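**Student:** Just to be clear, the model below is a prediction. Sequence and coordinates:
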Amino acid sequence: MDMQLLKDSRETTNLFIYGASGHGKVILDILRANHLVVRGFIDDDISKKTFAGLHVFRSHQINPESDQIIIGIGNNKTRKYIAEMHDCKIAMAIHPTAIVSPDTQIDGGTVIMQMAVIQPGTKIGKHCIVNTKASVDHDCHLGDYVHISPGATLCGNVTIGDLTWVGAGATIIQNITIGANVIIGAGAVVLRDVPDNVKVFGNPGRVVMPHPKEIVT
């Protein structure tokens, strides 16, 4: 785990959450639980002046030389778009109640939420979300912009491709590979490898090919 990112967050007074939404409020709670000071939210909805008691700034007000952001948006595609649009310093957020093995690698922008569990040998890419009470077991590998929803379980040696969303309460058994741009439905049980650009629903999980317009790029 790159503890330097956490250290840098404590040293800056210009820490922002990008996205004045419910997901952003949870990240605010995580940062405050780590005794970090958040200057405000960033959101281009001009109707939003304040949120969760903090001022809402606009994206053009970001100073890439001094400001540090965490993207507080659950949608993988949107999170990727914002991350690539702004050349800012990136922080991460890990709630104190999360259990994170020191034998992990977690890239910048990733958020580990309340009571999540990350076991040894796991690698997590940039701008991922491991949501409330999600469990990621040993030697899993998550690509970039992955979202593991509340209560989802990844057993050992699971690989998840970029931009994939694992729904709430889903279970992926050991030694499974999930492709990129995949949606795993809530409560699904995945027993076989899954290719790119599909949806999986049910128990046992069955693959549903989406309409081309639904494919995340």
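**Tutor:** Received, thanks.

**Student:** what's stretch 14-27 in contact with?
**Tutor:** If you take C-beta atoms under 8 Å, 6 or more residues apart in numbering as the criterion, stretch 14-27 is touched by 9, 28, 31, 36-43, 45, 48, 51-52, 56-57, 59, 62-63, 66-74, 82, 86, 91, 93, 111, 113-114, 132. Backbone N, C-alpha and C define where each C-beta goes, glycine included.

**Student:** From the chain's centroid, how far away is that stretch?
**Tutor:** Relative to its chain's centre, stretch 14-27 lies at 12 Å (C-alpha atoms, centre = their mean, to the nearest Å).

**Student:** what do you get for stretch 52-72?
**Tutor:** Relative to its chain's centre, stretch 52-72 lies at 18 Å (C-alpha atoms, centre = their mean).

**Student:** How about stretch 38-50?
**Tutor:** In terms of C-alpha atoms, centre = their mean, the centre of stretch 38-50 is set 20 Å apart from its chain centre.

**Student:** Can you tell me which of the contacts of stretch 14-27 are buried?
**Tutor:** 9, 28, 31, 36, 38-43, 51-52, 56-57, 62, 67-74, 82, 86, 91, 93, 111, 113-114, 132 (16 or more other C-beta atoms under 10 Å).

**Student:** quick one: which of the contacts of stretch 14-27 sit in strands?
**Tutor:** Counting by DSSP state E, the part of those found in strands is 40-42, 51, 56-57, 68-71, 93, 111.

**Student:** Can you point out the buried residues in the top helix by length along the chain?
**Tutor:** Determined from DSSP state H, the single longest helix within the chain is helix 22-33. By neighbour count, with 16+ other C-beta under 10 Å as the criterion, the buried positions of helix 22-33 are 23-28, 30-31.

**Student:** burial measure for D87, as a count.
**Tutor:** 10 (other C-beta atoms under 10 Å).

**Student:** Next, count neighbours for the residue nearest to it when sequence neighbours are not counted.
**Tutor:** Ranked by C-beta to C-beta, 6 or more residues apart in numbering and with sequence neighbours excluded, the top spatial neighbour of D87 is P64, at 5.0 Å. Look at P64: counted by other C-beta under 10 Å, it has 11 neighbours.

**Student:** pLDDT score for P64?
**Tutor:** Note on P64: pLDDT of 83.

**Student:** quick one, what contacts it?
**Tutor:** Counting by C-beta under 8 Å, 6+ apart, P64 touches 86-89.

**Student:** Now tabulate the residues you listed in JSON lines and tack on distance to T177 and pLDDT.
**Tutor:** Shown next, in JSON lines, are those (distance: C-beta to C-beta, whole Å; pLDDT from 0 to 100):
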{"residue": "H86", "distance to T177": "32", "pLDDT": "83"}
{"residue": "D87", "distance to T177": "32", "pLDDT": "80"}
{"residue": "C88", "distance to T177": "33", "pLDDT": "81"}
{"residue": "K89", "distance to T177": "33", "pLDDT": "87"}
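
**Student:** If we only consider those, which is nearest to V200?
**Tutor:** Distances from V200 to the contacts of P64, taken as C-beta to C-beta, are shortest for H86 (32.3 Å).

**Student:** most centrally placed residue in this protein?
**Tutor:** With distances taken as C-alpha atoms, centre = their mean, the residue of the chain nearest its centroid is I129 (1.8 Å).
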